[in-house]
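J.: Predicted model, plus sequence, below.
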Amino acid sequence: MRCNYACGSHESLTRRSFIGGSAAGALSMLGFGGMTQVQAAKKLASQQKQVVVFWLSGGVSQLETWDPKPGTETGGPFQAISTSAPGVQISELLPYTAQQMHHLALVRGINTKENNHGKGAYIMQTGRKEQPGFAYPYLGSSFSSHLSPPDSPLPGYISVGAGGSSKEATFLGPRHAPLVLSGGRAPANLEMHSSMTAERDVLRRNLRSKVSQRFEQKRKTAHTEVYNESFDQAAALMSRRD
């Protein structure tokens, strides 16, 4: 019987840390460190579908962005301007976005019916209401489970930034848990230590595997499966240089 997972991270996206260079760390970790951002984007585009979620917790409201409602009792102080999409108007604060609106799909009808921001955010990021004793996967984990190639050693879900609520994979398993990047740096310890030879590394991995197998024969839990799968994924990522 397969164990249920409960792995997660207490990291999320912040605008300042993202703009500050965290994207550079992501490109470096993926093996694109020697490329320009344009070259990296072309390589990513040639591989498969990608999803980027910008979660701006506490960000600007719809009155300053997508739905200013000028001249109404519930509207904001800013005017609406026409866009490149016929019949669609957005805030005057977004003139360049307005020029590209025909490339975007604007959804204005989302309502969680929750007055509690935390509960509303949970619905937005999982598609489910919170239930005591049960947790649902977050968007990144769900995208990873549907879009990541099963044979790829690269992480399917990367969380950029620091702080905020956890982004859990739950029952989808550790393969779809987030790899957290922060401060514009690649994850630590991706490179083998200079004193470690390839032969010695193989011996150490084999020893760890045997010890883990003996332990799991008597004490197998969700935590041991999480550890082993995470270790195997990290080892595959370290050995990949293409």
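T.: Here it is on my side, so go on. Residues are numbered from 1 along each chain as shown.
J.: From the centre of the protein, give me the residue that's furthest out.
T.: When distances are taken from the C-alpha mean of the chain, residue 71 lies farthest, 38.5 Å away, according to CA atoms, centre = their mean.
J.: Look up which helix or strand it falls in, please.
T.: Here residue 71 is covered by no helix or strand, with elements defined by DSSP states H and E.
J.: mind checking how far it is from residue 80?
T.: 9 Å (CB to CB, to the nearest Å). C-betas here are computed from N, CA, C, even on glycine.
J.: Over to residue 198?
T.: Note on residue 198: its distance to residue 80, by CB to CB, is 62 Å.
J.: neighbour count winner among those two?
T.: For residue 198 versus residue 80, the count of surrounding residues by other CB atoms under 10 Å is larger for residue 80: 19 against 9.
J.: wouldn't that one be in contact with residue 92 here?
T.: Yes. Between residue 80 and residue 92 there is a contact under CB atoms under 8 Å: 7.0 Å.
J.: Could you pull out the strands in the protein for me?
T.: Applying DSSP state E to the chain gives strands spanning 80-82, 89-91, 158-160, 179-181.
J.: Identify the residues contacting residue 131.
T.: Going by CB atoms under 8 Å, 6 or more residues apart in numbering, residue 131 touches no other residue.
J.: I'd guessed residue 181 sits against residue 160; true?
T.: Yes. Between residue 181 and residue 160 a contact is recorded at 5.1 Å, counting by CB under 8 Å.
J.: Now do the residue farthest from the centre of the chain against residue 77, distance only.
T.: From residue 71 across to residue 77, the span is 11 Å (CB to CB).
J.: got it, and residue 206?
T.: From residue 206 across to residue 77, the span is 67 Å (CB to CB).
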